[in-house]
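Visitor: need a 3D model of the following:
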Amino acid sequence: MVFILFNKFGLGKNKKIRYVSPSLLFIYVVKALDYHLSITNQVTATYSGVTYFFYHFTGLLFYYFIALYTKSEINIKKWGPVVIGYTLYQFSF
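Guide: Residues are numbered from 1 along each chain as shown. Prediction:
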């Protein structure tokens with residue numbers, strides 16, 4: 001993750017894309033660690049809930065990464081209520 005943050009040649013000078021990429025990597029690493037710990041019965045249910053919360057935002061971060069990489073326009077007024085509504089729906093059940 002440190003390499004992605006401080007390497008200026010791979011993703012250019014756009015700092016946002018250099019922060020989104022390690023965030024995605026962090027979510028996948030934490031999810032893999034949680035999966036390993038849950039298989040070996042070394043984790044509590046609270047920790048698994050936190051990783052589920054992080055894993056929920058993977059699609060949103062991946063969309064943001066692609067939008068930054070392709071230099072597309074992001075309409076937050078359109079997607080903001082959808083993301084908030086979906087998050088509330090996911091955590092209500």
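
Visitor: need the phi and psi values for the most centrally placed residue in the chain.
Guide: The centre of the chain sits closest to Thr58, judged by Cα atoms, centre = their mean, with a distance of 3.8 Å. Dihedral pair for Thr58: phi -60, psi -50, per degrees, to the nearest 10.

Visitor: my guess is it meets Leu25, correct?
Guide: No. Using Cβ atoms under 8 Å, Thr58 makes no contact with Leu25, being 10.8 Å away. C-betas here are computed from N, CA, C, even on glycine.

Visitor: can you show me the helices along the protein?
Guide: 2-6, 15-39, 45-56, 58-69, 76-92 (DSSP state H).

Visitor: which of those helices has the lowest average pLDDT?
Guide: The minimum mean pLDDT among those belongs to helix 2-6 (a mean of 58).

Visitor: so Ala67 sits against Ile74, correct?
Guide: Yes. With contact defined as Cβ under 8 Å, Ala67 and Ile74 form a contacting pair (5.1 Å).

Visitor: please report how far the closest residue to Tyr69 other than its chain neighbours lies from Phe26.
Guide: By the measure of Cβ to Cβ, 6 or more residues apart in numbering, the closest residue to Tyr69 outside its immediate chain neighbours is Ile17, 6.2 Å from it. As judged by Cβ to Cβ, to the nearest Å, Ile17 and Phe26 stand 15 Å apart.

Visitor: more neighbours: these two, which one.
Guide: A direct count of neighbours by other Cβ atoms under 10 Å for Ile17 and Phe26 places Ile17 higher, at 19 against 13.
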